[in-house]
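> Sequence plus predicted model, see below.
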Amino acid sequence: RTIAPGAVHLPDWLDLAEQRTLLAQCRAWARPPAGLREVATPGGGRMSVRQFGLGWHWFPYGYARTAVDGDGAPVKPMPEALVELGRRTAAAAVGEEFADAPYDIALINFYDADARMGMHRDQDEKSLDPVVSLSLGDTCVFRFGNGETRAKPYTDVELRSGDAFVFGGKSRLNYHGVPRVHGGTAPAELGLVGRLNITLRVSGLEW
Ligand code: MD3
Ligand code: FE
């Protein structure tokens, strides 16, 4: 389950009941204002992934926590349930030293069957504590690249509903992306058309 040093895949980390609970929570958290939104790319395009944040908003270009975001909507708090889930998952995957890590921001991405995420690195956090990723719904191809460039060599891994993936240590700043979503592969009992990815992060900010 270790894909690269510090990058650990936990297949079937959440059982179906836990997946349903997390999905119901995401639906509640995504209610307007400040629900799922389209995000502009630096090049002036639109990301095919729609997203929203908990515990922060995107104040171009970085994390911020003012009372309202750019749309005038209140910033939603980081739910305690996600703080605990982040700690528990990181501790199980990469080490007990993260059992109390201060997970304070979440980014929730929604992919329809045509959505993609290009190769990028997550370097807006000031903390190098592990990022915890949780997948719900459709299976995707997750592409894990190297620490230097967005090109090869990379490793493709399928992420399925209920899987967790933790990125810490030497893998924390690696390039990665989602080149493909397999539409219609979500577990029928879950009741989700598409894919949700929840990432739990430590901002490293004092706020
Ligand atoms: C590797 N999301 O939100 S999750 C992202 O499936 C993001 O929605 C993808 O990349 C998704 O930034 C991939 C896996 C992931 C998340 C964070 C990472 C891999 C990572 C941070 C560092 C290294
Ligand atoms: Fe990322």
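Thanks, I have it. Ligands and ions are numbered 1, 2, ... in the order given.
> Let me see the ranges of the strands in this structure.
2-4, 7-10, 37-40, 46-54, 57-58, 63-64, 105-111, 117-120, 131-137, 139-144, 155-159, 164-167, 176-182, 195-201 (DSSP state E).
> wait, what's in contact with His120?
Contacts here follow CB atoms under 8 Å, 6 or more residues apart in numbering; on that basis His120 touches 150, 175-177. To be clear about C-beta, it is placed using only N, CA and C from the backbone, and glycine gets the same treatment.
> quick one: contacts for Asp122?
Contacts for Asp122 were tallied using CB under 8 Å, 6+ apart; they are 131, 172-173, 201.
> Which phi and psi values does it adopt?
For Asp122, the backbone dihedrals are phi -100, psi 100 (criterion: degrees, to the nearest 10).
> Give me the pLDDT for it.
What the model reports as pLDDT for Asp122 is 95.
> gap between it and ligand 1?
Look at Asp122 and ligand 1: by CB to the nearest ligand atom, to the nearest Å, they are 4 Å apart.
> same check, this time on Ala40
For Ala40, the distance to ligand 1 - CB to the nearest ligand atom - is 16 Å.
> Okay, and the beta partners of that residue?
Judged by DSSP bridges, the bridge partners of Ala40 are Arg46.
> Run a quick check on it versus Arg46, I expect a contact.
Yes - counting by CB atoms under 8 Å, Ala40 sits close enough to Arg46 to count as a contact (6.3 Å).
> end-to-end on stretch 109-121?
Stretch 109-121 has an end-to-end distance of 16 Å (criterion: CA to CA, to the nearest Å).
> what's the answer for stretch 29-46, then?
23 Å.
> Any buried residues in that stretch, and which?
29-30, 34, 36-37 (16 or more other CB atoms under 10 Å).
> how far does it sit from the chain's center?
Centroid separation for stretch 29-46 versus its chain: 15 Å, with CA atoms, centre = their mean, to the nearest Å.
> can you pull the buried residues of stretch 114-132?
Using 16+ other CB under 10 Å as the test for burial, stretch 114-132 gives 115, 117, 119, 125, 127, 129-132.
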